[in-house]
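Q: Need a 3D model of the following:
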Amino acid sequence: MSSIRPYLTPEQAEEKNNIALDCYKLGALLLFYQVMTRAARIVFYIAAYTYYNGAFSLNIKSVLKYFGDNDDIMRSTSFRMAGNISITLVSVLLTAVLAHALFKGRIAPWLKPSKENVITGALWCTPNHVVGMVATMLTTYLVGILNTSGIEVPTSDFSIVQPSKAAVLLQIGYVIIAAPIIEEFLYRCLILNAVAPYSKSAAVLLSALCFGLMHGNIPQAAGAFVSGLLYAVIAMESGSIIPSIIIHSFNNLVAELYSLTEAIGITGADDAIGIFYVLASFVGLLMGLLMVKRLYFKDEEEALPVKQARAAVFANLLILVCLGWYVVIILSGLAAANS
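A: Model prediction:
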């Protein structure tokens with residue numbers, strides 16, 4: 001039974017309890033997804049071991065040792081992307097089922113496509129490209145400072161190793177199609193759905209923080225945080241993640257153009273891609289200046305004052321645990337790279 005503190009009106013106490021409840025649900029969902037990805041990864045490795053070795057085994061140490069001894073398999077794009085697709089899809093589907101049960105119908109409206117949302121996503125693709133360029137420059141500057149200080153900063157490598165038709169298709173399937181859908185569902189749909197009714201600014205910030213930190217390394221975390229702010233505002237103002245999925249997919253496609261054309265074997269593509277980047281930057285800057293007013297939103301005060309609502313979100317135990325989880329992963333990678 002919830003208690004009403006003396007300094008809160010009954011309405012304020014009820015809203016604070018609702019914030020706590022929705023944040024606990026959100027935190028549970030994000031942690032559930034993390035646990036599911038780890039369980040699904042074990043299942044994938046066992047299935048892959050059976051395929052490559054021709055023998056079934058539940059001895060995880062033996063399975064991992066096999067792939068450790070066959071590093072060429074683990075490094076190949078086909079293996080990594082097949083694993084990413086299967087692991088994340090299974091995990092997000094289970095998370096979606098749990099989210100539907102916890103939020104009881106609040107999720108579905110964020111997933112419905114419409115002509116307006118598709119147009120919104122298309123219009124913001126090139127402005128997001130400009131935001132991505134700024135984020136890249138800031139990230140490069142940050143990494144440069146750390147490297148100068150003698151700190152090696154780990155990064156994620158999405159170049160195509162052992163190129164083949166399967167490798168290219170799987171890379172496209174994960175990086176350009178599956179990852180944007182999964183990440184927008186987790187870090188926009190769930191977070192905005194749970195937090196935006198109480199504080200839009202807290203929802204945008206939490207969404208960008210989780211999205212950035214979950215990438216697991218400093219360069220990607222910094223860049224994704226900046227882009228995540230834009231994704232979150234657009235999704236929140238649209239009441240749908242369809243626009244942010246489109247923008248996110250375009251962003252990943254642009255980032256992958258060089259590696260994809262190289263893997264496919266298209267010669268002379270570098271100049272064409274460079275021209276495309278320049279045109280996209282010019283159009284994006286122009287459209288961004290014309291549409292920037294659309295990003296403005298006001299935190300509407302409900303029963304609780306805005307500052308108290310924000311504080312209630314970021315003081316929630318499970319939210320802090322989630323953020324801490326992501327930070328520990330980044331610090332562990334940093335420590336391993338410098339050990």
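
Q: Can you verify my assumption that V306 contacts V313?
A: No - contact criterion C-beta atoms under 8 Å: V306 and V313 do not qualify, at 11.0 Å. Where C-beta positions appear, they are placed from N, C-alpha and C, glycine not excepted.

Q: Could you look up the SS state of V161?
A: coil (DSSP: H, G, I helix; E, B strand; the rest coil).

Q: next structured bit after the one helix or strand in the chain whose mean pLDDT sits lowest?
A: None of the helices or strands of the chain scores lower by mean pLDDT, DSSP states H and E than helix 125-148, at a mean of 86. As assigned by DSSP states H and E, the chain's next helix or strand after helix 125-148 is helix 165-171.

Q: Which strands or helices does the helix or strand just after that next one pack on?
A: Tracing the chain C-terminally past helix 165-171 and defining elements by DSSP H and E, one meets helix 179-184 next. Applying 3 or more C-beta pairs under 8 Å, 6 or more residues apart in numbering; DSSP states H and E, one finds that helix 179-184 makes contact with helix 77-103, helix 242-264.

Q: Run the angle between the first one and helix 242-264 for me.
A: Read it as helix 77-103. If you take axes from the mean of the first three to the mean of the last three C-alpha atoms, to 10 degrees, helix 77-103 sits at 170 degrees to helix 242-264.

Q: list the buried ones in helix 77-103?
A: Residues 77-88, 90-92, 94-96, 98-99, 102-103 are the ones in helix 77-103 that count as buried (16 or more other C-beta atoms under 10 Å).

Q: Report the secondary structure element holding G288.
A: Here G288 is assigned to helix 269-291, by DSSP H and E.

Q: Who are the contact partners of A101?
A: A101 makes contact with no residue, according to C-beta atoms under 8 Å, 6 or more residues apart in numbering.

Q: what about it, distance to L29?
A: 10 Å (C-beta to C-beta, to the nearest Å).

Q: Which neighbouring elements make contact with the helix or strand where Y66 lies?
A: Assigned by DSSP H and E, Y66 belongs to helix 60-69. Counting by 3+ C-beta pairs under 8 Å, 6+ apart, the packing neighbours recorded for helix 60-69 are helix 10-53, helix 71-75.

Q: how far off helix 60-69 does the longest one point, in degrees?
A: Right, the one you point to is helix 10-53. 70 degrees.

Q: how far does helix 10-53 sit from the chain's center?
A: Counting by C-alpha atoms, centre = their mean, to the nearest Å, helix 10-53 is centred 14 Å from the centre of its parent chain.

Q: Show me where the stretch 201-339 of the chain dips below the pLDDT cut-off.
A: For the stretch 201-339 of the chain, no stretch is flagged by pLDDT under 70.

Q: Repeat the analysis, applying 90 as the threshold.
A: Low-confidence segments of the stretch 201-339 of the chain (pLDDT under 90): 215-223, 255, 257-274, 293-306, 331, 333-339.

Q: picking up where we left off before, what angle sits between the helix holding G288 and helix 125-148?
A: 110 degrees.

Q: Could you give me the buried positions within helix 269-291?
A: A269, A280, S281, G284, M287, G288.

Q: Mind telling me the two of the residues you listed farthest from one another?
A: By the measure C-beta to C-beta, the buried residues of helix 269-291 have their two most distant members at A269 and G288, which lie 26.7 Å apart.

Q: coming back round to it: how about JSON lines for the helices and strands packed on helix 60-69, with mean pLDDT and distance to L170 added?
A: Putting those into JSON lines (pLDDT from 0 to 100; distance: least, C-beta to C-beta, whole Å) gives the following:
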{"stretch": "helix 10-53", "mean pLDDT": "94", "distance to L170": "13"}
{"stretch": "helix 71-75", "mean pLDDT": "89", "distance to L170": "14"}
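
Q: Would you mind finding the most buried of the ones you listed?
A: Scoring the helices and strands packed on helix 60-69 by mean neighbour count under mean count of other C-beta atoms under 10 Å gives helix 10-53 as the most buried, with a mean of 17.

Q: quick revisit: now do the least confident helix or strand of the chain: which elements does it pack against?
A: Using 3+ C-beta pairs under 8 Å, 6+ apart: helix 125-148 touches helix 218-238, helix 242-264, helix 269-291.

Q: What is the nearest of the buried residues of helix 269-291 to N53?
A: A269 (38.4 Å).

Q: and the closest one, what is it in contact with?
A: L257, Y258, T261, E262.

Q: Can you flag the buried ones in these?
A: Judged by 16+ other C-beta under 10 Å, buried ones among the contacts of A269: L257, T261.

Q: Need the contacts of A269 in CSV (columns: distance to I330).
A: Putting the contacts of A269 into CSV (distance: C-beta to C-beta, whole Å) gives the following:
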residue, distance to I330
L257, 27
Y258, 26
T261, 31
E262, 29
